[in-house]
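Student: Pasted the sequence and its predicted model underneath.
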Amino acid sequence: MAPPPPAPVLLVDVSVMGARAFEEGRLRELLESTRVLKLVFDCRGDSDALYHQHSVKLRNVYDVQGETGLRSPCDPVRASRVVS
């Protein structure tokens, strides 16, 4: 059986759209979605700013900062298990 196709990866630059990104660009919908997994590194400050500046509540977020102490950057086998 063939593996499923890779899911899309999105990179968002809010500096281009500003606050419009959260409504017109549907960034709020993406960040609050429970169907889309968001991988972040140390999202505490980002989560706080998003909530207080744009009323966005992050959902379905996996903070990879906790994983950095569990694996070596030179260990691609263990690193791939974390992300896949």
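Tutor: Received, thanks.
Student: hey, let's count contacts and neighbours off CA atoms from now on
Tutor: Will do.
Student: Contacts for stretch 41-61, please.
Tutor: 19, 22, 28, 31-40, 63-65 (Cα atoms under 8 Å, 6 or more residues apart in numbering).
Student: Could you list which of those residues belong to helices?
Tutor: 28, 31-32 (DSSP state H).
Student: just curious, which of those is nearest to P6?
Tutor: L31 (19.7 Å; Cα to Cα).
Student: Apart from its chain neighbours, what residue comes closest to that closest one?
Tutor: Leaving aside its chain neighbours, L31 sits nearest to L58 (5.4 Å; criterion: Cα to Cα, 6 or more residues apart in numbering).
Student: hang on, that neighbour in a strand?
Tutor: No - assigned with DSSP: H, G, I helix; E, B strand; the rest coil, L58 falls outside any strand and is coil.
Student: what number of residues lie near L31?
Tutor: 20 (other Cα atoms under 10 Å).
Student: Let me fix that, I meant to ask about R59.
Tutor: 16.
Student: circling back: drop anything exposed from the contacts of stretch 41-61.
Tutor: By neighbour count, with 16 or more other Cα atoms under 10 Å, the contacts of stretch 41-61 hold 22, 28, 31-33, 38 as buried.
Student: just checking, what's the longest helix in the chain?
Tutor: helix 44-54.
Student: All set now, cheers.
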